[in-house]
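>>> turn this into a model:
(one chain, ligands or ions: 1)
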Amino acid sequence: MNDITFFQRFESDIVAGRKTITLRDASESHFTTGQQLRVGRYEDDVYFCTIEVISVTPVMLDELTQEHARQENMTLPQLKEVIADIYPGLTALYAIVFRLVTAA
Ligand SMILES: CC(=O)Nc1ccn([C@H]2C[C@H](O)[C@@H](CO)O2)c(=O)n1
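Here you go, the predicted structure:
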């Protein structure tokens, strides 16, 4: 059983340590600092790594910075486009900062 999923297209960045943050809606804001999460692919729920939560912080869409984008391994326009696709109309997000613990 996995605790969180990511779209498959982000798997390689996560296991390489290039992506160290994810922006989620309130339904995924309950994770806590120090918690280790089993991570699966959204498309098939196959486990691919374990991450440790560093922090969970509320952030508004218009407060996103180049630093958030760098942590996502994207440009800021790319990140805003991804968020608009996944969460249309949503402005209140949660930044989950994490580190890779183990890859499958
Ligand atoms: C089900 C669901 O919401 N899955 C998600 C949500 C977000 N992500 C990624 C996409 C971006 O890199 C950031 C910003 O939301 O998090 C995801 O992989 N899967």
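>>> quick one, strands of this structure?
4-6, 21-24, 36-41, 47-60, 92-103 (DSSP state E).
>>> among these, which is the most enclosed?
Among the strands of the chain, ranked by average contacts under mean count of other Cβ atoms under 10 Å, first place goes to strand 21-24 (a mean of 20). Heads up, the C-betas are built off the backbone N, CA and C, glycines and all.
>>> would you give the sheet partners of it, along with the direction of each?
Paired with strand 21-24 in the same sheet, following DSSP bridges, are strand 92-103 (antiparallel).
>>> need the strands of the chain in CSV (columns: distance to Ser12).
Compiled in CSV, these are given as follows (distance: least, Cβ to Cβ, whole Å):
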stretch, distance to Ser12
strand 4-6, 11
strand 21-24, 15
strand 36-41, 11
strand 47-60, 10
strand 92-103, 10
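>>> ok, what's across the strand from Leu93?
On DSSP bridges, the residues paired with Leu93 through beta bridges are Val59.
>>> can you point out the buried residues in the biggest helix by length in the chain?
Across the chain, the longest stretch assigned as helix under DSSP state H is helix 76-86. When neighbours are counted by 16 or more other Cβ atoms under 10 Å, the buried residues of helix 76-86 are found to be 79-80, 82-83.
>>> check those and tell me the two furthest apart.
When Cβ to Cβ is used, the two most widely separated members of the buried residues of helix 76-86 are Lys80 and Val82, lying 7.4 Å apart.
>>> for the longest helix of the chain, give me every contacting residue.
23, 61, 64-66, 68-69, 72, 74, 90, 93 (Cβ atoms under 8 Å, 6 or more residues apart in numbering).
>>> now, of these, which are buried?
In the contacts of helix 76-86, burial by neighbour count holds for 23, 61, 64, 68-69, 72, 74, 93, counting by 16+ other Cβ under 10 Å.
>>> filter the residues you listed down to the ones close to the ligand.
23, 72 (Cβ under 6 Å from any ligand atom).
>>> Ala103: which of the buried ones among the contacts of helix 76-86 is nearest?
Lowest distance from Ala103 to those (Cβ to Cβ) belongs to Glu72, with 18.6 Å.
>>> now the closest one. Nearest residue, chain neighbours left out?
For Glu72, ignoring the flanking residues on the chain, the nearest one in space by Cβ to Cβ, 6 or more residues apart in numbering is Leu79 at 5.2 Å.
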